[in-house]
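# pasted the sequence and its predicted model underneath.
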2 protein chains.
Amino acid sequence: MVAQRGQRGRRGAARQADTPDADNAPTAEMPAVPVNGAAADPVRAKAIPEAAVARLAVYLRVLSAMAEQGATTVSSEELSAAAGVNSAKLRKDLSYLGSYGTRGVGYEVSVLVGHIERTLGLTRKHKVAVVGIGNLGHALANYGGFPGRGFPVEALFDLDPDLIGVPVGGLPVSHLDEIPKVCAEREISIGVIATPPTAAQSVCDRLVAGGVQCILNFAPVVLQAPPHVEVRKVDLAVELQILSFHVARRADEEAGVNGVANNGMVVRS
Amino acid sequence: MVAQRGQRGRRGAARQADTPDADNAPTAEMPAVPVNGAAADPVRAKAIPEAAVARLAVYLRVLSAMAEQGATTVSSEELSAAAGVNSAKLRKDLSYLGSYGTRGVGYEVSVLVGHIERTLGLTRKHKVAVVGIGNLGHALANYGGFPGRGFPVEALFDLDPDLIGVPVGGLPVSHLDEIPKVCAEREISIGVIATPPTAAQSVCDRLVAGGVQCILNFAPVVLQAPPHVEVRKVDLAVELQILSFHVARRADEEAGVNGVANNGMVVRS
DNA sequence: GGGTGTGAACTACTTCACAGCT
DNA sequence: AGCTGTGAAGTAGTTCACACCC
């Protein structure tokens, strides 16, 4: 029970964002956090929509690849095609950063890269801890300094006594009980949960106790965390089930087409 | 310049959804596919919003857990709390399935489970192929029959000659070149790409050639696929960068509070 | 001509609030 | 009295379309 009437627009307890996302919908399931500070803080300039933030990360990757191949400028048309969005959306997204394009020409790749990195807070390092060194945790730990640097893995945790002290990807595994202490000492800012679902909430609590600011949760549970901690989840089961839904929908539609031949009337099953 | 006027609402080329939500995320980032058949097909009943579909999968998990613990009915308040959403949203989501609750009482757990499963197309099995048996692929293959059954892994592929023929999780690895043939033979409907980014597009093409209907892409690239193939991506780098953005935003806000003391004027960096 | 930047229109999603069933 | 189901209102995100600049 949550019950909080008369709290219009207030942010309640459990927030949880999606990957994909929403996105990972992709996307389309975004956190209830007031990203648009507009109402919250009228002084501050318009905040960047959450959906745009996710895409900025994609643009950044595409731009980096382009820079490596020696490109110095891009048009919104080119960049948007490479990023899989339409050009209007791209331009609007970039406009949140300010006006850094040249009309009639396009954008300078290096300038854009710099601005996106700054906006996403990538000018600073974010230390990562991985909890749960099973199959997935192993994979994550071995990424060894996550994507494009900037996200060094600096702590590993597990429950299994046989794993404690064993180096994985060059870093020894510590016990779950050490999470608060070690995270605080090493100033971990992002905790990645790759444990079985039963352990996830307790791990989450310990990460929070250790002062972690963000959590990326691979365990299939809804985590409860204080509002100042940003939680995002990556949920394989949900992704597969969404795909399953689309398969089913497609099948239905085909049936529907036949139904239409049937006098244009389709009976709801 | 007119491009395609009078094509309002038409779906363009590259679609890509997020995990997230929204997307992942975050990732409020949903596909441009006309899920709401409303305009596309006025005959058909209102389709379920993409965002709701992602949540239905979560409700299903929560309900299954509740059923295991012997619960027979739930109220929207209880279920929504457990799923981390508010009750209005939950009720709206469930209403897309039809009216299966009892006013004054709540929902019968088993009935709801059945309806959600049917809606998500989980009454049918969806065979999965995992491509790229590296760290992540290994982890995925060992999941051995994905979440709650219904998603059996029935083919594995890699490029590495040392891996070909080696059984992983009880299933021998085949070569990438075999993808179209094997997928067709075994009637694979979901392909999971866990390869390095450079290989991903070619793998995607082969999966499509093999008649795969959906792709879950873990490689950090934007895939190009025909419109009848549903692609979702799970992008670790993007997730981390979104978290990074929120850390930065939070830091800014604190600075902002100080800034306000400074005459209410905050200079944009 | 070519391409950005952006208000305005539109679409999708969320939340409110209450009628109506049990 | 309690809780669902849902129109209506509100908010977030997308797309259009064109002014403006190079």
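Arrived safely, thanks for sending.

# all contacts plus neighbour counts: C-alpha atoms, from now on.
Noted.

# so where do the helices sit in chain A?
Under the criterion DSSP state H, helices of chain A are mapped to A:37-40, A:50-68, A:76-83, A:87-95, A:109-119, A:135-142, A:179-186, A:197-209, A:236-261.

# now the ones you listed as TSV including distance to chain B and mean neighbour count?
TSV is the format used below for those (distance: least, CA to the nearest CA, whole Å; neighbours: other CA atoms under 10 Å in any protein chain shown):
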stretch	distance to chain B	mean neighbour count
helix A:37-40	9	13
helix A:50-68	5	22
helix A:76-83	6	19
helix A:87-95	11	16
helix A:109-119	7	17
helix A:135-142	5	22
helix A:179-186	16	19
helix A:197-209	12	19
helix A:236-261	4	18
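
# okay if I get these as JSON lines plus mean pLDDT?
What follows is the helices of chain A, written out as JSON lines (pLDDT from 0 to 100):
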{"stretch": "helix A:37-40", "mean pLDDT": "40"}
{"stretch": "helix A:50-68", "mean pLDDT": "97"}
{"stretch": "helix A:76-83", "mean pLDDT": "98"}
{"stretch": "helix A:87-95", "mean pLDDT": "98"}
{"stretch": "helix A:109-119", "mean pLDDT": "97"}
{"stretch": "helix A:135-142", "mean pLDDT": "90"}
{"stretch": "helix A:179-186", "mean pLDDT": "98"}
{"stretch": "helix A:197-209", "mean pLDDT": "98"}
{"stretch": "helix A:236-261", "mean pLDDT": "81"}
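
# closest to B:Arg91 out of those helices?
Among those, helix A:236-261 comes nearest to B:Arg91, with 19.4 Å by CA to CA.

# for A:Leu171, what are its contacts?
Neighbouring residues of A:Leu171 by CA atoms under 8 Å, 6 or more residues apart in numbering or on different chains: A:154-156.

# of all those residues, which comes closest to B:Ser244?
Using CA to CA, these come closest to B:Ser244 at A:Glu154, 16.2 Å.

# thought that closest one was touching A:Lys127?
Yes: in this structure, A:Glu154 is within contact of A:Lys127 by CA atoms under 8 Å, at 6.2 Å.

# roughly how far apart are A:Ala141 and A:Ala199?
Between A:Ala141 and A:Ala199 the computed distance is 19 Å (CA to CA, to the nearest Å).

# contacting residues for the residue nearest to A:Arg124 when sequence neighbours are not counted?
Nearest non-adjacent residue to A:Arg124, counting by CA to CA, 6 or more residues apart in numbering or on different chains: A:Gly150, 7.0 Å away. Contacts here follow CA under 8 Å, 6+ apart; on that basis A:Gly150 touches A:122-127.

# with pLDDT added, can I get those residues in CSV?
Formatted as CSV, the contacts of A:Gly150 follow (pLDDT from 0 to 100):
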residue, pLDDT
A:Leu122, 96
A:Thr123, 94
A:Arg124, 94
A:Lys125, 94
A:His126, 95
A:Lys127, 96
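
# among those, which pair sits farthest apart?
Across the contacts of A:Gly150, the longest distance by CA to CA is 12.9 Å; it joins A:Thr123 and A:Lys127.

# these two: which is more packed in?
A:Lys127 (21 against 14; other CA atoms under 10 Å in any protein chain shown).

# identify the residue spatially nearest to that one, adjacent ones excluded.
A:Ile188 (4.8 Å).

# quick one: residues contacting that neighbour.
Per CA under 8 Å, 6+ apart, neighbours of A:Ile188: A:126-129, A:154, A:211-212.

# so can I have a markdown table of those showing distance to B:Asn217?
What follows is those, written out as a markdown table (distance: CA to CA, whole Å):
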| residue | distance to B:Asn217 |
| --- | --- |
| A:His126 | 25 |
| A:Lys127 | 26 |
| A:Val128 | 23 |
| A:Ala129 | 24 |
| A:Glu154 | 27 |
| A:Gly211 | 32 |
| A:Val212 | 29 |
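
# and which of those is nearest B:Arg249?
A:His126 (13.9 Å).

# distance check, that closest one against A:Phe151.
For A:His126, the distance to A:Phe151 - CA to CA - is 5 Å.

# likewise A:Gly114?
Applying CA to CA to A:Gly114 and A:Phe151 gives a distance of 17 Å.

# could you do A:Leu60 as well?
When A:Leu60 is compared with A:Phe151 (using CA to CA), they lie 16 Å apart.

# got the phi and psi for A:Ala194?
phi -130, psi 40 (degrees, to the nearest 10).

# burial count for it?
A:Ala194, neighbours per other CA under 10 Å, totals 26.

# and stretch A:197-206, how far out from the chain middle?
Distance of stretch A:197-206 from its chain centroid, counting by CA atoms, centre = their mean, to the nearest Å, is 19 Å.

# repeat that for stretch A:56-65.
15 Å.

# that stretch close to DNA strand D?
No: Stretch A:56-65 stays out of contact with DNA strand D when judged by CA under 7 Å from any atom of the strand, the minimum separation being 10.9 Å.

# same question for stretch A:223-235.
No: Stretch A:223-235 lies out of reach of DNA strand D by CA under 7 Å from any atom of the strand, never closer than 14.6 Å.

# ends of that stretch, how far apart?
First-to-last residue span, stretch A:223-235, CA to CA: 12 Å.
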